[in-house]
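1. Below is the structure, and that's it, no one-letter string:
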């Protein structure tokens, strides 16, 4: 994973924690590299037959925040890195808007190889890839998992609908691999290229992540038990929580707004996109 690591020394709510758990930073990095090496030569499902490169994920080995998307797109397949296309540029700007850097979090996907034509991943493909994600989460032991899109959402909040729970946090599904984490739901950044209203929703929802991290930190057991309670009901994290010390910065390269005929018109309502619509933007 050739990526520069931050020292996590800034003020506020940095996503990088002091060394914790049974692994020291070097051991954690080595474990992540070992998983990545296995992913790059994996043949567990049919996706290896059409991939250019597998995309294990990348980021800081000592982060407390993991972003989990759906699967690699064309640019990711070429480069072997997650979220490097247009949606990735927007995600980087969203992370930066709360005062963090991409290098301070870990970014990966539910499936590690690109589905042909950017189609939705099949259930057996997600099942085949699940052990890699679980192992990554076990090594990272994050406090917060940010779900990007509905496939990631179903992994960490089974049965939830993105339109109802975006911008909320709850205990993550224990079987997903992050045994002591909370999950924070967001739309996939690619959705912003389809609907202007979702662009604005993402910009608002991302500002709640630092508060969600603080909440998740407080909820972690002092001595981590092997099992977690069942997920609790979702609660909304206010974007302007009192204990968020960092003022969100404006996006440097926001998704261009769609011109409106009526300058006084209100934003269009959010509607769920079909699989075919989403596949155009992943």
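-> Cool, the structure landed. Values in this document were obtained by computation on a predicted structure and should not be read as measured data.
2. where does the most centrally placed residue in the chain land in three-state SS?
-> The residue lying closest to the centre of the chain (CA atoms, centre = their mean) is residue 67, at 1.9 Å. Assigned by DSSP: H, G, I helix; E, B strand; the rest coil, the conformation of residue 67 is strand.
3. For it, give me its contacts.
-> Residue 67 sits next to 83, 91, 95, 105, 106, 107, 108, 145, 146, 148 when contact means CB atoms under 8 Å, 6 or more residues apart in numbering. Any C-beta I mention is one placed from the backbone N, CA and C, and that applies to glycine too.
4. The last one is in contact with residue 68, isn't it?
-> This means residue 148. Yes: if you go by CB atoms under 8 Å, residue 148 and residue 68 touch, sitting 6.5 Å apart.
5. what's the neighbour count on residue 149?
-> 24 (other CB atoms under 10 Å).
6. What is the burial count for the closest residue to it other than its chain neighbours?
-> Sequence neighbours aside, residue 188 is the residue nearest to residue 149 in space, at 3.2 Å (criterion: CB to CB, 6 or more residues apart in numbering). Residues near residue 188, counting by other CB under 10 Å, number 27.
7. do the same with residue 210
-> Residues lying near residue 210 (other CB under 10 Å) number 26.
8. And the pLDDT at residue 241?
-> Looking at residue 241, its pLDDT is 39.
9. if you go through the stretch 51-200 of the chain in chain order, where are the strands?
-> Using DSSP state E, counting those that start in this stretch, the strands of the stretch 51-200 of the chain run over residues 58-59, 65-69, 106-109, 144-148, 168-171, 182-186.
10. buried stuff in the fourth one?
-> Yep, that's strand 144-148 we're talking about. If you call a residue buried by 16 or more other CB atoms under 10 Å, then strand 144-148 has these buried ones: 144, 145, 146, 147, 148.
11. who are the neighbours in contact with the nearest residue to residue 90 once chain neighbours are set aside?
-> In this structure, residue 90 finds its nearest non-sequential neighbour in residue 189, 4.5 Å apart by CB to CB, 6+ apart. Counting by CB under 8 Å, 6+ apart, residue 189 touches 83, 87, 88, 90, 91, 94, 148, 202.
12. nearest to residue 177, of these?
-> Residue 177 has its nearest neighbour among these in residue 148, at 16.3 Å by CB to CB.
13. ok so, going back, for residue 46, which of the strands of the stretch 51-200 of the chain is the nearest?
-> Nearest of these to residue 46, taken as CB to CB: strand 106-109 at 16.6 Å.
14. Tell me the strands beside the closest one, with direction?
-> strand 58-59 (antiparallel), strand 65-69 (parallel) (DSSP bridges).
15. Sketch out the helices for the chain, chain order is fine.
-> In the chain, helices defined by DSSP state H lie at 25-40, 74-79, 86-97, 123-140, 150-156, 162-165, 196-206, 209-219, 275-279, listed in chain order.
16. could I get these as TSV with distance to residue 112 and mean pLDDT?
-> Formatted as TSV, the helices of the chain follow (distance: least, CB to CB, whole Å; pLDDT from 0 to 100):
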stretch	distance to residue 112	mean pLDDT
helix 25-40	5	96
helix 74-79	10	96
helix 86-97	15	97
helix 123-140	6	97
helix 150-156	13	97
helix 162-165	22	97
helix 196-206	24	96
helix 209-219	24	95
helix 275-279	18	43
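17. for residue 182, which residues make a bridge with it?
-> Here residue 182, judged by DSSP bridges, has bridge partners residue 144, residue 171.
18. thought it was touching residue 217?
-> No: between residue 182 and residue 217 there is no contact under CB under 8 Å: 9.2 Å.
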